[in-house]
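> Build me a model from this:
(3 chains)
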Amino acid sequence: MENITPRRSSINITEQLLLWYDAHQRILPWRAVGRETPDPYRVWLSEIMLQQTQVVTVVPYFNRFIDLWPTIESLAAADVNNVLREWAGLGYYARARNLHRCAQIITRDHAGEFPKEEAELLKLPGIGPYTAAAVAAIAFGKDATPVDGNVERVIARVYRIKTPIKENKLIIKSLASKTTPKARTGDYAQAVMDLGATVCTPRRPLCFTCPLTEFCGAFLHEETHAIPISKKQKKAPKREGTAYVIINTANEILLYRRTDRGLLGGMLEVPSVGWEQDERHSELIRKLTMCIPHSKAITGTVEHVFTHFKLVLRVVVMRVEKNDWHAGLHWYSLDKIESVGLPKLMLKVVKHFRSSAENSNNPM
DNA sequence: ATCCCGGTTA
DNA sequence: TAACCGGGAT
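Residues are numbered from 1 along each chain as shown, chains lettered A, B, ... in the order given. Next up, the predicted model:
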């Protein structure tokens, strides 16, 4: 039996991965096909979107961005608020602001060309160790080894690392570098990440389809379920607040733009109080409540989970005359609310309002 | 309901 | 080291 086909062990782990990648790589809109040269702009844009975000989520956003801004110059020339609008729903909104800043720097200071060296890429906003290595390898074929969560998991299993990933970043990086080929560094990087995403998954890895089982310490010791070691995270505390859906007689909703820094930075929001340190809207709400005390009703709550806390937001609806509130306030048509670019939390509030208004004969 | 997953920045 | 989101699995 063993002589019918060449012994797999005559192929090393790198060659095995590249063979697997040639046959099983995912077809993705930012990937070059065949002998095409990858477009650094598309590689960079995709890698920024892929930070903390899965491929299936990224694909439609990527296509939309490319439609709107096919070149880095066009992205640099865009209004940052339009970039945030298109980013809405992807989360981690600092990525969008850094993306725009980076596009402007590349356009203004680098003649529209990305630097090819990992160390130079690292200096750009929004580009950290992972993305610098990914762009250098994938877009420019440089000898760089991006290490993301997929790579960490694959390496931890193959080398049977049974201590927390967090404590082994350097070891994992050097092991991953050791198996990086001289040529096809971009394909190799994407091969490991594809394998991690589609085969060597966090739970229930599909080892029966894996090209690396003969090299994999975790598989050979039946320990894939126990590697990598997950660090236990402390459970998020709960916060509560009140969101105000303020609707005028033109069926428009009052929205504000948040400050650039911190939570949901730069995004549009429904005014709310009680759950953030900066109570920017408390005065507005106080005045509204005094002027029209009988026009409000709590319609229920929406819940949302952030990185470090859980939020329960009571929803209060207020109806105001269109002319009562105009100076400096930003009204948005409820009919077009889907296209203004609200983060998920605020979308939940608006959707809750709409469904509760539908289900009630007398919502006020 | 409750977990788990994940790069960059300040 | 903590802040920063949304999706998916169980």
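> which secondary structure element contains A:Leu313?
Here A:Leu313 is covered by strand A:310-320, with elements defined by DSSP states H and E.
> Indicate the residue of the stretch 101-250 of chain A located nearest to DNA strand C.
A:Arg203 (4.4 Å; C-beta to the nearest atom of the strand). (Each C-beta comes from the backbone N, C-alpha and C, glycine too.)
> If you drop the residues flanking it in sequence, what lies closest to that residue?
Excluding the flanking residues, the one nearest A:Arg203 by C-beta to C-beta, 6 or more residues apart in numbering is A:His225, at 7.9 Å.
> Tell me how many other residues crowd the one you found.
Applying other C-beta atoms under 10 Å, we find 9 residues neighbouring A:His225.
> tell me the secondary structure for the residue of the stretch 101-250 of chain A closest to DNA strand C?
The three-state label given to A:Arg203 by DSSP: H, G, I helix; E, B strand; the rest coil is coil.
> that older thread, how about the strand holding A:Leu313, does it get close to DNA strand C?
No: Strand A:310-320 lies out of reach of DNA strand C by C-beta under 7 Å from any atom of the strand, never closer than 10.0 Å.
> what comes into contact with the helix or strand just after that strand?
The first helix or strand that comes after strand A:310-320 along the chain, using DSSP H and E, is strand A:330-333. Strand A:330-333 is contacted by residues A:248, A:250-257, A:268, A:340 when judged by C-beta atoms under 8 Å, 6 or more residues apart in numbering.
> Return the subset of those residues lying in strands.
When DSSP state E defines the strands, the subset of these inside them is A:248, A:252-257, A:268.
> Which pLDDT value goes with whichever residue of the stretch 51-200 of chain A sits closest to DNA strand C?
Going by C-beta to the nearest atom of the strand, DNA strand C is nearest to A:Gly91 of the stretch 51-200 of chain A, at 2.9 Å. We note a pLDDT of 97 for A:Gly91 in this prediction.
> tell me how far the helix or strand where A:Leu84 lies is from the chain's mean position?
Under the criterion of DSSP H and E, A:Leu84 resides in helix A:80-87. Relative to its chain's centre, helix A:80-87 lies at 14 Å (C-alpha atoms, centre = their mean, to the nearest Å).
> hmm, which helix or strand of chain A has the shakiest average pLDDT?
helix A:282-291 (a mean of 84; mean pLDDT, DSSP states H and E).
> Can I get that helix as CSV, trimmed to CA atoms?
What follows is helix A:282-291, C-alpha atoms only, in CSV (Å, rounded to 0.1, in the frame of the first residue of the first chain):
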residue,chain,number,x,y,z
SER,A,282,-28.4,64.9,28.9
GLU,A,283,-29.2,68.6,28.4
LEU,A,284,-31.0,68.1,25.2
ILE,A,285,-33.0,65.3,26.7
ARG,A,286,-33.8,67.4,29.8
LYS,A,287,-35.2,70.2,27.7
LEU,A,288,-37.2,67.9,25.4
THR,A,289,-38.7,66.1,28.4
MET,A,290,-39.7,69.5,30.0
CYS,A,291,-41.2,70.8,26.7
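> Contacts for the helix or strand following it, please.
Next along the chain after helix A:282-291, taking DSSP H and E as the criterion, comes strand A:296-305. Outside strand A:296-305, the residues that touch it by C-beta under 8 Å, 6+ apart are A:236, A:243, A:289, A:310-318, A:344-345, A:348-349, A:352-353, A:356-357, A:360, A:363-364.
> Please type out the PyMOL selection for whichever of these turn out to be buried.
To isolate the buried members of these in PyMOL, using 16 or more other C-beta atoms under 10 Å:
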select buried, chain A and resi 243+311+313+314+315+316+317+318+345+348+349+352+353+356
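> Flag the shaky bits of the stretch 251-364 of chain A, pLDDT-wise.
Across the stretch 251-364 of chain A, residues meeting the criterion (pLDDT under 70) sit at A:292-296, A:324-328, A:358-364.
> who in it is up against DNA strand C?
Contact residues (C-beta under 7 Å from any atom of the strand) of the stretch 251-364 of chain A with DNA strand C: A:262-265, A:304-308, A:343-345.
> returning to what we had before: give me the angle between the least confident helix or strand of chain A and strand A:296-305.
If you take axes from the mean of the first three to the mean of the last three C-alpha atoms, to 10 degrees, helix A:282-291 sits at 150 degrees to strand A:296-305.
> Now do the domain split for chain A, please.
Here the domain parsing of chain A from automatic domain parsing is A:11-226, A:238-358.
> The residue nearest the centre of chain A: what's it in contact with?
Chain A has A:Thr53 as the residue nearest its centroid, 3.7 Å off, counting by C-alpha atoms, centre = their mean. When contacts are counted by C-beta under 8 Å, 6+ apart, A:Thr53 is found next to A:90-92.
> Helices - which of those residues land there?
Under the assignment DSSP state H, the contacts of A:Thr53 contribute nothing to helices.
> Please list which of those residues are also close to DNA strand B.
A:91-92.
> Include neighbour count when you put the contacts of A:Thr53 into TSV, please.
Converted to TSV, those look like this (neighbours: other C-beta atoms under 10 Å):
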residue	neighbour count
A:Leu90	19
A:Gly91	16
A:Tyr92	15
